[in-house]
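Novice: Okay, structure incoming, though there's no sequence with it:
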């Protein structure tokens, strides 16, 4: 058996209902494919067009405000989304086997007919421990790694997936910047990517 | 779907190194990855340190180190990947297999999710093939 990792003990996982901004932590065991599908599928209004580079710059220059306080991120904050904790090897893009299940569950949901028409944005976050530039770079590579896993191992169409890393710049409102809760991956429903006939 | 086919090819090629595939039910990605992490997690962390799950790297690494991979991991590997590919096949053939039932039972229903919900609700009246493909796809 591999040694227990503190963060692996509890997978922070929450699904945000539409008007709600504060995530509700829950144990991973309570999370089912059905819940993910329902939570991510509640898109009621048209999603805004996004530009990854604009989002990145807005996060970097946003004065570490929570995402709801920034113009472009604020629009995304209202979309169906969920927060997952994926455990990576220290300072690496390698996802620990303890988190394979979480990725599998996300993949199952993305393959469900309720969600298969939608685009998704993977947002990588870090806590404020370590240098700003390093965190930004690492979170970007980790978000890319998640996109890659979903698009290859789990056969999700890569043109449905976007990835961006924002380092420590968009902390969870009301949390300490170095709190481990800020090391998280966010998955946001960006709306319909094509109409199936 | 090209991507899906690529995965199946990877799996077929991949399982060859690990003995004959075992007959299996379909597993979800979550179930399959849980099994993989349980039976191969130790091997992956020992033999494939720093490598990531995407793009067949872990598969390749375990094959290259086949001599050192634990028996438990080898045993479950083929089964896990075979059941994933069976589920993928079911998901890709669902629309074709259930087409007639969609037209007969759920005409006028808009949205893929709602059509599926309609077929699931009317499960007693849909064709056995369509019933089976929904089960194999993991959507019931």
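Specialist: Alright, I've got the coordinates. What you see is a predicted model, and the numbers here were worked out from it, not measured in a lab.
Novice: When you work out contacts or count neighbours from here on, use the C-alpha atoms and nothing else.
Specialist: OK.
Novice: Determine the longest helix present in chain B.
Specialist: Counting residues, the longest helix found in chain B (DSSP state H) is helix B:71-97.
Novice: Pull the distance from the helix or strand just after that helix to the chain's centre.
Specialist: Remark: after helix B:71-97, the chain's next helix or strand is helix B:99-105, criterion DSSP states H and E. Here helix B:99-105 shows a centroid-to-chain-centroid distance of 25 Å under the convention C-alpha atoms, centre = their mean, to the nearest Å.
Novice: Which positions in helix B:99-105 come out as buried?
Specialist: B:101, B:102, B:105 (16 or more other C-alpha atoms under 10 Å in any protein chain shown).
Novice: Which residues of chain B lie near chain A?
Specialist: B:3-4, B:7, B:28-34, B:37, B:41-42, B:44-45, B:50-56, B:91, B:111-114, B:116, B:139 (C-alpha under 8 Å from any C-alpha of the partner chain).
Novice: Okay, and which of these map to helices?
Specialist: Per DSSP H, these map to helices at B:3-4, B:7, B:29-34, B:37, B:41-42, B:44-45, B:91, B:112-114, B:116.
Novice: Just the buried ones from these?
Specialist: Taking 16+ other C-alpha under 10 Å as the criterion, what is buried in these is B:3-4, B:7, B:29-34, B:37, B:41-42, B:44-45, B:91, B:112-113, B:116.
Novice: quick one on the thing from earlier: what helices or strands is the longest helix of chain B leaning on?
Specialist: helix B:2-16, helix B:29-47, helix B:128-137 (3 or more C-alpha pairs under 8 Å, 6 or more residues apart in numbering or on different chains; DSSP states H and E).
Novice: Just the mean pLDDT for the following helix or strand past the second one, thanks.
Specialist: Towards the C-terminus, the helix or strand next in line after helix B:29-47, according to DSSP H and E, is helix B:57-64. Averaging pLDDT along helix B:57-64 yields 91.
Novice: angle of helix B:57-64 against helix B:71-97?
Specialist: For helix B:57-64 against helix B:71-97, the angle by axes from the mean of the first three to the mean of the last three C-alpha atoms, to 10 degrees is 130 degrees.
Novice: all strands of chain A, in order?
Specialist: A:13-16, A:81-84, A:118-124, A:161-165, A:185-192 (DSSP state E).
Novice: Report the distance from the lengthiest helix in chain A to the chain centre.
Specialist: Assignment by DSSP H gives helix A:132-151 as the longest helix of chain A. Chain-centre distance of helix A:132-151: 11 Å, with C-alpha atoms, centre = their mean.
Novice: May I see the buried residues of that helix?
Specialist: A:132, A:135-136, A:138-151.
Novice: Contacting chain B as well, which ones from these?
Specialist: Filtering the buried residues of helix A:132-151 for proximity to chain B by C-alpha under 8 Å from any C-alpha leaves A:145, A:146, A:148, A:149, A:150, A:151.
Novice: out of everything not next to it in sequence, what's closest to the last one?
Specialist: It refers to residue A:151. Closest residue to residue A:151 in three dimensions, ignoring its sequence neighbours and counting by C-alpha to C-alpha, 6 or more residues apart in numbering or on different chains: residue A:158, at 5.1 Å.
Novice: same check, this time on the third one
Specialist: The spatially closest residue to residue A:148, leaving aside those adjacent along the chain, is residue B:54, at 5.6 Å (C-alpha to C-alpha, 6+ apart).
Novice: Contact partners for residue B:121?
Specialist: If a contact means C-alpha atoms under 8 Å, 6 or more residues apart in numbering or on different chains, then residue B:121 has no contacts.
Novice: From chain A, how far off is it?
Specialist: Distance of residue B:121 to chain A, computed by C-alpha to the nearest C-alpha, to the nearest Å: 15 Å.
Novice: ok, the residue of chain B most remote from its centre to residue A:61 distance?
Specialist: Distance from the centre of chain B peaks at residue B:108, with 30.8 Å (C-alpha atoms, centre = their mean). Remark: distance between residue B:108 and residue A:61 (C-alpha to C-alpha, to the nearest Å) = 49 Å.
Novice: In TSV: the strands of chain A, plus mean pLDDT, distance to residue A:48 and mean neighbour count.
Specialist: Putting those into TSV (pLDDT from 0 to 100; distance: least, C-alpha to C-alpha, whole Å; neighbours: other C-alpha atoms under 10 Å in any protein chain shown) gives the following:
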stretch	mean pLDDT	distance to residue A:48	mean neighbour count
strand A:13-16	30	18	23
strand A:81-84	88	14	23
strand A:118-124	93	12	24
strand A:161-165	95	14	22
strand A:185-192	88	7	22
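Novice: With adjacent residues omitted, what lies nearest to the most centrally placed residue in chain B?
Specialist: When C-alpha atoms, centre = their mean is applied to chain B, the residue found nearest the centroid is residue B:84 (1.6 Å). Once flanking residues are discounted, residue B:84 sits nearest to residue B:27: 5.7 Å by C-alpha to C-alpha, 6+ apart.
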